[in-house]
Every structure is written in C-alpha cells, then in structure tokens.
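Structure of the sequence below:
(one chain, ligands or ions: 1)
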Amino acid sequence: MEVSRRNFVKMLSMATLGVAAGNVLTVNGRAEANESKGDKYIVNHEQVPAYYHFKLGKMEITTLCDGMGIFTPEMCLTNLTAKEINNLADRDYMPRTAKGIATVAINAFLINTGNHLILVDSGKGAVDGEIFTEKHGLVTEFLKASGYEPEDVDVLLPTHLHADHICGIEENGQCIFPNATLYLANQEKAYWLDSDMSSQPQEAQIAAQIARTAAKPYIAANRVKTFEPGEEVFAGIKSVPLFGHTPGHTGYMVSSEGKSLFIWGDLLHVKAVQLPHPEVGIIFDSDTAEARKRRAEMLPKLAEKKQLVCGAHLPFPGIGYLEKQGKNYHFHPIEYQLYH
Ligand SMILES: [Zn+2]
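Numbering: from 1, shown residues only. Sure, this is the predicted structure:
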C-alpha cells in the first residue's frame, strides 16, 4: 500500500516512540519485539482504508468514511432528560469516554451509475474544529484507495450544505473534484449561498460562510446547477425533500434493476436515541419541529417497505434496514460481504 503523507508523518512519530521505548526499528516501520519489557507483539494501530463497495442492480455504491464527529449526547439532543438519553446510549452500547463524549460516523457515498460517478456528500475536508476527530477529512484518501480518482467524479450531490457534508469538495480555493459539477436543491442554495444572512443567528452565519467558501471555486467555474427536490436528478436517482434539518435538506432514492437504496443524509444523527425516540431533535437542526415531522413521516414508510437505507451518521459503512418495534425503530446493519 502506498504510504500517504499523513501515514508517513504518523509513522515518523511512531518511530520516535519506538526508539524511546528501547525498540529497534526496521525499514518497514515495525519495531522488533522486546519481550522483557512486555511488548512481545508490535501492533499497527491504524485501520485499513475505510471504504465499502456493494452492487445495486447495475450500479455500484461505495461508502467512504470521512472520520468521526465528537459530541456530548445530553448537550446536543432535545426532548429527553440527560438520564434518559444516557440510558438509551447505554442500551445501544454507544461508545463514550469517561466524560460522556460520544463519537458519530461521518460517511459519504459514491455512486457509479455506469454513465456518471456521483459523490453524495464529501465529508469535512480541511475544515478544522473541536467536533471532529480528524484534522483533515478522509473521503478523498479513501476514494483513491477504493480505486477511483477525484478527476473521475463528474457530479457532486450533497444532501445539504453543513460543513461535514460539503467541505470535502474544496481546499485553498481549489476544486478537489476538478471535473465535477455541483448540483444543489433550489432551497438549499437559496438559503446558504444566496440569501442575506445578517438577520440569522450567528452559528447560521458562520455555517453559511463555510458553505460559500466550499462552493466558491465551482461557482467561479460556472459549474453549479440546481434542481427541485422531488425530481429525478439523474436516471435512477430521485431526490426526496427532507426539509427541516436544513431548509433544502434532501435525500436520494437510488434505483437500478428493481433494487433500491435510500440515502437519508441527516434525517437522524444518533441512532441510539432517535430511533427509539424519533421525536428527539438535535441542536444542529435548522427547524427542529420540521425535522421531527420528516422522521415521523419517513421512518414508518422505510421500515414497512423493508427499504435498504444508508445515512451520513449511521455507523460505518452506514447501510442497513429499519425494523419497527412497537412505537420504536431498530437498525439492522448489513452483513459485510467480501465480494459483490
Ligand atoms: Zn447536517
């Protein structure tokens, strides 16, 4: 495997640690075991590149992991007490630190239709912040590892314009996907890119500035198009309005040869809490009441249809099925397949 710059820097720092611990380093970065000090086995602590391919009819879908978001559930979620939220998190074995900090996956989805290579969401890119585990988002690195190049992507189709979904398309004023056109829902573009934000809350103004920076080189290159949610944006890719989380938040129903996948973006963020309690909102929702209505409408339909779903913040690779259990829902992740 090619050693990326990031991995190389990490290897260098591991090398320093290895020397400090009295180990002898070999050329490939592995230390020789020093049994007398209790480190018989030298472990590579990095995971494999996080992408997952699967077939959907004639299409190929590739889930890409961007890293993780960090949050404190009881500070971000509404409608329940801290105790209730933590009980639900415990019941779902949600990983949390001793201080109650939880992680949530950030996923993006690549669709190879045969005619187009479409990237739905793009991770956080170079935007930094305390709410992310990674200094730089991993979508592009894992897209390359999965066998594609950024130049191959001809369509960018974000679910909405929050930083963890859009900022992976741009860096230092340049398009990361130089041959791609950015397709945006009319309402999402109108709110985040075109409206006067001066009367909006400060967080929204900052978020709009971040979205405008990400879109800027595509606008400059005249490569931004809009669509009306509800329309088929490309053959087999129908947009579905999920307004509430943001004014133009949009899901995509992807269909090929009788198979389908519903990409829901941020219909929910914390499955441990929002599936048993779809009424629970999150502070990142532009309109909590509308976002709650969308969950109340969509979850029963998706469960009843036994619809294959995927979400930007479901545990990587973020694909599975919903089952209705009384008033609540449960997520069944798909089983890993070696080949498709
Ligand atoms: Zn969002």
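
List, one by one, the residues from the protein near the ion.
Within the chain, the positions lying close to the ion (CB under 5 Å from the ion) are 162, 266. (Glycine included, C-beta is placed from N, CA and C.)

from what I can see T181 touches D154, true?
Yes: the criterion here is CB atoms under 8 Å, and T181 meets it with D154 at 6.9 Å.

What is the burial count for the closest residue to G311 other than its chain neighbours?
Distance criterion CB to CB, 6 or more residues apart in numbering; nearest residue to G311, sequence neighbours excluded, is W264 at 5.0 Å. Counted with other CB atoms under 10 Å, the neighbours of W264 add up to 28.

W264 against V309, yeah?
Yes: using CB under 8 Å, W264 is in contact with V309, at 6.1 Å.

Give me the mean pLDDT for stretch 225-245.
On average, the pLDDT along stretch 225-245 is 98.

name the helices or strands packed onto the helix or strand harbouring H330?
Applying DSSP states H and E as the criterion places H330 in strand 328-333. Contacts defined by 3 or more CB pairs under 8 Å, 6 or more residues apart in numbering; DSSP states H and E place strand 328-333 against strand 319-325.

Which part of the chain gets nearest to the ion, residue-wise?
Residue of the chain nearest the ion, by CB to the ion: H162 (3.5 Å).

What number of neighbouring residues does that residue come out with?
Applying other CB under 10 Å, we find 23 residues neighbouring H162.

gap between the residue of the chain most remote from its centre and F142?
The centre of the chain is farthest from one residue, S36, which by CA atoms, centre = their mean lies 43.7 Å away. Here S36 is placed at a distance of 39 Å from F142 (CB to CB, to the nearest Å).

so where's the chain shaky on pLDDT?
1-35, 340 (pLDDT under 70).

Which parts of it belong to which domain?
What automatic domain parsing lists as the domains of the chain is 5-37, 51-333.

So which of the ones you listed is nearest V43?
Shortest distance between V43 and the domains of the chain, using CB to CB, is found for domain 5-37: 9.5 Å.

Could you list the buried residues of stretch 318-337?
Within stretch 318-337, the residues scored as buried using 16 or more other CB atoms under 10 Å are 318-322, 329, 331.

what's the answer for stretch 173-180, then?
Of the residues in stretch 173-180, 175-177, 180 count as buried by neighbour count, 16+ other CB under 10 Å.

how about these, which pair is most distant?
Across those, the longest distance by CB to CB is 8.6 Å; it joins I176 and A180.

what sits in contact with each of the two?
I169 (CB atoms under 8 Å, 6 or more residues apart in numbering).

tally of neighbours for L275?
23.

wait, what's in contact with the closest residue to it other than its chain neighbours?
Spatial nearest neighbour of L275, excluding adjacent residues (CB to CB, 6+ apart): Y329 at 4.2 Å. By CB under 8 Å, 6+ apart, the contact list for Y329 reads 275-276, 278, 299, 303, 322-323.

can you do 7 Å?
For Y329, the contact set (CB atoms under 7 Å, 6 or more residues apart in numbering) comprises 275, 299, 303, 322-323.

want to throw those residues into a markdown table with distance to H249?
Output for those, formatted as a markdown table (distance: CB to CB, whole Å):
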| residue | distance to H249 |
| --- | --- |
| L275 | 18 |
| L299 | 15 |
| A303 | 20 |
| L322 | 19 |
| E323 | 24 |
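
which one is K58 nearest to, not counting chain neighbours?
The shortest distance from K58 to any non-neighbouring residue, by CB to CB, 6+ apart, is to S256 (4.9 Å).

Identify the bridge partners of that neighbour.
For S256, the beta-bridge partners are K259 (DSSP bridges).
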